[in-house]
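K.L.:
From the sequence below, what's the structure:
(3 chains)
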Amino acid sequence: MDTLMHYAWLIPLFPLLAFIVIVSFGRQLKEGAAIVGITLTAVSFGIAVLIFWERFQGGGTDYNFVIDWLHIGDIVINMGFEVNPLNAMMLVIVTLVSLLVQIYSKGYMHGDERFPVFYQYLALFTFSMLGLVISPNLLQVYIFWELVGVCSFLLVGYYYFKKEAKAAAKKAFIVTRIGDLGLFIGICLLFWWTGSFEYGAIFESIALGRLEPWMITLAAILIFVGAMGKSGQFPLHTWLPDAMEGPTPVSALIHAATMVAAGVYLVAATYPLFIASDTALTVVAYVGGFTAIFAASIGLTQRDIKRVLAYSTVSQLGYMMLALGVAGAAGYVAGSFHLMTHAFFKALLFLGAGSVIHAVHTQNVFEMGGLWKKMPITALTFLIGCLAIAGIFPFAGFWSKEAILGAVYGAHRYDLLFIALLAAFFTAFYMFRLFFLTFAGKARGKHEAHESPRVMTGPLLVLALLAVVAGFVNTPYAPLLSDWLLSTNTGTAITSLFGEGSEHAAAWLQIVALLISILGVVLAYLMYGKKSISSDTIPETMPWLYQLSYKKYYIDELYHNVIVRPLGWLGFVLDVFDKYIVDGLVGLTAKITQGIGSLHARVQSGQIQSYGAMVIFGLLLLIIAISLTAKGGGLFG
Amino acid sequence: MTVSISSYLMVALILFCVGLYGALTKRNAVVVLLSIELMLNAVNINLVAFSKFGLYPSVTGQIFTLFTMTVAAAEVAVGLAILIALYRNKETVNVDEMDQMKR
Amino acid sequence: MTGEFVAFFILSLLTIGGAVFMISFTRVVHMVISLGVTFISIAGLFVLLGAEFVGVAQILVYSGAISILMLFGIMLTKHDANDEGTGRTWKNRFILLFVIVLFGLLFWGVQNTPWPAPPPPADAPVDNAKEIGIEVFTKFVIPFELLSVLLLVALVGAIIMAKKEGDNE
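P.N.:
All right, here's what the predicted structure looks like:
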């Protein structure tokens, strides 16, 4: 029976086709490249929705299709694709956000000289991300993982003539590389121990107990290191805020909705590996929790609108990792749910920020203000995004955040619960600080701002709508998503281990969370909206605290001095070695040959007496040779 | 003490070597020609000595010597003519400076 | 101590001395003169070897014609220039070495060859010129004629070579 799921492989193919077309005809198309990208991504989105719907209806069967790719001795490596609830959901999210970002970019990047190049990179990225999501085995995931990293590098460094953009692109690539190394080692170890890259085979080996506990822990932690790199967990988070040097649509697509979610997706996709090791889960939970509060505390003081959003992304990713780490069916569902809602409202916030930047030509919030009246649509959608991320009822963020809190509480991790609640408070506070500074009050900026064109506000409205309703797929009263996600093989593995669990917290926890968020909003209003409390109290009373937060806890400086500079010296030493010793040897060989040559060239001097001397010399040799080899001893016999 | 063939051959050898040294070392072209004549004379001595003391003594050696002398004379004449022509063109008789055949 | 030996000794001394002095003189004219001495001594050696005709021819051709030719050559070129000596350059030392080695090798060769016993002294005095005449005009007549052609060619060639360029015929 040929269901639509059999054609899931088409989904990444349309963006790839868009890439090829734009690369070939970009120069002629110019801004027409956007139409190519948008239409093809829209087709992918259509197929993704259809497949999602089919999987949703179809009950508990995943679809897996592989073909033999390489034969190495006895080992066969496959290539193919898989459709299960988790990645069906991811397919829809990625295609939808990519489509909206491409529509938005038509307005945002209008007039840019390298317009087609931008769409090329976007198409390539969409292809890579979709390929990553439907991969059925770890090797294929790794291939697309790297490809996604490359696209991120290209897009962050899009304004390559700017020094900061170049440095940021390099930093993004190198820091994620560290994570990728861990992932690669983890994949290799798993292959070595289980003989296969396929998810199914690996999970089966674990279920059958063929791997020792320490092996499972090691592999899980290494895979998590990869996820840390891509998802910007501490201490590999430093690249994400710097990656804001890329154009804002890029930040929306990659660094909010999709690529950074790849890490969370990977942990979720290999969840049976993690739940087999308590240590790994604890590591994930604590790293996630720490990252959440750490990033949130930095976001409190930042002045660049995009940087605040970047730290907020890091913090929210920490939340997702925290959810996954506390285990249980509840954690798995909560993490995936938050992944989906975050994609929508973070993309919304970034695109809104882009709209603001497009209008006022600055990114410093202290130069903005009073934009509520001038950019009503942007302001309204941004407000919805802030409400969603702060977790205010009944927006999407409320449902997903309380799902996470509920899972943490249900796992009896009260220390992490406290951290999560504190981070929620910070989140609400700094998001509304951002909102009030940008849109409320008097205009501090110099430019005459006006609303963005429809092609940019359209996607904002769509995302705002999603930010409102997306939460309703998994309320405690109708846990549709939860049931669906857990109905797969992975899900049954989880529930068999942890039981169904009470995924949703008691009502009192929901109310407490809501109150904390509202408290954050109110505090922000007082400090930045009405200005009744001075925003300078903490900077003045505890300047060192302010500085720590503003300077991002000096982590970048630490990395630079401890790691980057010694490596730079090592590089310099090696360069000198290469230039003088290796090149010197090569040059020496050349010079010796040349020297011998020119030495012998002196023979051709034109001096007849030299020639005569050589004749005599030859004659002597001949005489000696003949006399020595003559019969009977010859001359010396 | 008789004068055996080897003594004559020795004399010829010494003359030859002296002439060879002069031909290869001297800078004046005329002196080079002189040294070549010396070498030819050494050969002549050898030939005549062999015609008397050799394995098959006959007069052929002396006839050969006459021929050699003739050829040597012709060679000197032509050589000097060349030398004079060269001198007219290059104002020098140093063989060191006659290196046009360098390449 | 036969007379032959004494004569040989003196003549060879003159020969070698003349050659060595030729090499070591600085002025070209002196060189030619010592070479002339060498030539005459060689003629004496020829006579000692019983080749009187050759000896006379030697005097006629070499010390007569060739030495004068050389003097002409010297006079028509830079005759007052000194040959600034050979100098002790690398090249000259090498050549000296080669020459000495060559000398050594041939010396060894000569010494180690079993020469046949010298023939008994001639009983009847043989007329050397008559002998040579008979051989040349019977066995070697063709080379003899060719040699005259060679001399003609050399004569013509030398005149053409030494003519001033651009002269009208």
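K.L.:
so what's A:G80 closest to, chain neighbours aside?
P.N.:
A:V66 (3.2 Å; Cβ to Cβ, 6 or more residues apart in numbering or on different chains). Just so you know, the C-beta spots here come from the backbone N, C-alpha and C atoms, and that holds for glycine as well.
K.L.:
surely the one you found meets A:I77?
P.N.:
No. The pair A:V66 and A:I77 fails to qualify as a contact (Cβ atoms under 8 Å) at a distance of 9.7 Å.
K.L.:
Identify the contacts common to these two.
P.N.:
A:N137 (Cβ atoms under 8 Å, 6 or more residues apart in numbering or on different chains).
K.L.:
that older thread, share the number of residues neighbouring the residue nearest to A:G80, please.
P.N.:
A:V66 has 17 neighbouring residues, counting by other Cβ atoms under 10 Å in any protein chain shown.
K.L.:
With the one 3 residues further on instead?
P.N.:
A:W69 is flanked by 13 other residues according to other Cβ under 10 Å.
K.L.:
Up against chain A, what does chain B have?
P.N.:
B:20, B:23-25, B:32, B:95-96, B:98-103 (Cβ under 8 Å from any Cβ of the partner chain).
K.L.:
Weed out the non-buried ones from those residues.
P.N.:
Burial by neighbour count, 16 or more other Cβ atoms under 10 Å in any protein chain shown: within the residues of chain B next to chain A this picks out B:L20, B:A23, B:L24, B:T25, B:V32, B:V95.
K.L.:
List the ones among those that fall in helices.
P.N.:
Per DSSP state H, helices hold the following members of these: B:L20, B:A23, B:L24, B:T25, B:V32.
K.L.:
Check what pLDDT the fourth one gets.
P.N.:
For B:T25, the model assigns a pLDDT of 89.
K.L.:
Specify which residues of the chain, grouped into ranges, have pLDDT under the cut-off.
P.N.:
I went with chain A, as the question did not name one. Scanning chain A for pLDDT under 70 picks out A:1-3, A:58-62, A:327, A:445-448, A:476-479, A:482-506, A:532-540, A:631-637.
K.L.:
Chain B is the one I meant
P.N.:
For chain B, the ranges with pLDDT under 70 are B:1, B:103.
K.L.:
State which helix of it is the longest.
P.N.:
helix B:60-90.
K.L.:
Next, the buried residues of that helix.
P.N.:
For helix B:60-90, by 16+ other Cβ under 10 Å, it's B:60-67, B:69-70, B:72-87.
K.L.:
Which strand or helix spans A:G26?
P.N.:
A:G26 belongs to helix A:10-29 when assigned by DSSP states H and E.
K.L.:
can you list the domains in chain C?
P.N.:
Chain C is divided into the following domains under automatic domain parsing: C:1-83, C:126-169.
K.L.:
Would you mind finding the most buried of the ones you listed?
P.N.:
With neighbours taken as mean count of other Cβ atoms under 10 Å in any protein chain shown, the domains of chain C reach their highest mean count in domain C:1-83, at a mean of 19.
K.L.:
Could you give the separation of it from the chain centroid?
P.N.:
What separates the centre of domain C:1-83 from the centre of its chain is 7 Å, taken as Cα atoms, centre = their mean, to the nearest Å.
K.L.:
same question, stretch A:575-584
P.N.:
Using Cα atoms, centre = their mean, the offset of stretch A:575-584 from its chain centre is 38 Å.
K.L.:
how about the residues of the stretch 451-600 of chain A that lie near chain B?
P.N.:
Counting by Cβ under 8 Å from any Cβ, the stretch 451-600 of chain A has no residue next to chain B.
K.L.:
Helices of the stretch 451-600 of chain A, start to end?
P.N.:
A:454-469, A:480-485, A:489-498, A:507-524, A:537-541, A:543-550, A:555-559, A:565-576, A:583-601 (DSSP state H, counting those that start in this stretch).
K.L.:
now for the buried ones among the residues of chain B next to chain A, which pair is the farthest apart?
P.N.:
Maximum pairwise distance among these (Cβ to Cβ): 15.0 Å, between B:L20 and B:V95.
K.L.:
Pull the contacting residues for A:A220.
P.N.:
Here A:A220 is in contact with A:G186, A:T270, A:L273, A:F274, A:A276, A:S277, A:A280 (Cβ under 8 Å, 6+ apart).
K.L.:
how far does stretch C:42-62 stretch from start to finish?
P.N.:
One end of stretch C:42-62 sits 10 Å from the other (Cα to Cα, to the nearest Å).
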